[in-house]
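> Turn this into a structure:
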Amino acid sequence: MEFYQKPALETRSADEYCAECGSPMTGDEAALNYKLVDKKTAHLLCPACLGRKMELSQESLREIITLFRKQGCTLFSPWVE
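A predicted model of the protein is given here:
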């Protein structure tokens, strides 16, 4: 039996928009909200707005995304070396 594997992408394209500023977000940025805030949240924030709320820099949040991708979390795009 063969299993479907998602194609390896560097990051998913914008498919969500920030609830505060309206800027487009990648799927990985939306997934970060699910991991750090709540998996059922409907109020998604871009890295800039989420960073202000959590008192973290955007760069720190991008490093967290990279960490989750390297760990193989299925909410995020697959890691490509």
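
> So residue 25: helix, strand or coil?
strand (DSSP: H, G, I helix; E, B strand; the rest coil).

> Identify the spatial nearest neighbour of it, chain neighbours not counted.
Nearest non-adjacent residue to residue 25, counting by Cβ to Cβ, 6 or more residues apart in numbering: residue 16, 4.6 Å away. Where you see a C-beta, it was placed from the backbone N, CA and C, and this is true even at glycine.

> give me the number of residues near that neighbour?
Other residues within reach of residue 16, judged by other Cβ atoms under 10 Å, total 17.

> Also residue 70?
A count of neighbours around residue 70, defined by other Cβ under 10 Å, yields 11.

> check which helix or strand covers it.
Here residue 70 is covered by helix 58-71, with elements defined by DSSP states H and E.

> buried ones in that helix?
Of the residues in helix 58-71, those buried under the neighbour-count criterion (16 or more other Cβ atoms under 10 Å) are 61, 65, 68-69.

> and if you look at stretch 44-53?
The neighbour-count check on stretch 44-53 (16+ other Cβ under 10 Å) flags 44-47, 49-51 as buried.

> from the middle of its chain, how far away would that stretch be?
Stretch 44-53 sits 11 Å away from the centroid of its parent chain (Cα atoms, centre = their mean, to the nearest Å).

> any residues touching it, and which ones?
Counting by Cβ atoms under 8 Å, 6 or more residues apart in numbering, stretch 44-53 makes contact with 16-21, 23, 25, 29-30, 32-33, 36-37, 56-58, 60-62, all of which sit outside it.

> give the contact list for the residue nearest to residue 25.
Under the criterion of Cβ under 8 Å, 6+ apart, the neighbours of residue 16 are 24-25, 27, 29-30, 44.

> Can you flag the buried ones in the residues you listed?
When burial is judged by neighbour count using 16+ other Cβ under 10 Å, the buried members of the contacts of residue 16 are 25, 27, 29-30, 44.

> Grab the nearest non-local neighbour of residue 29.
Nearest non-adjacent residue to residue 29 (Cβ to Cβ, 6+ apart): residue 47, at 5.8 Å.

> and that neighbour, how far is that from residue 81?
Summarising the geometry, the distance separating residue 47 from residue 81, computed by Cβ to Cβ, to the nearest Å, is 23 Å.
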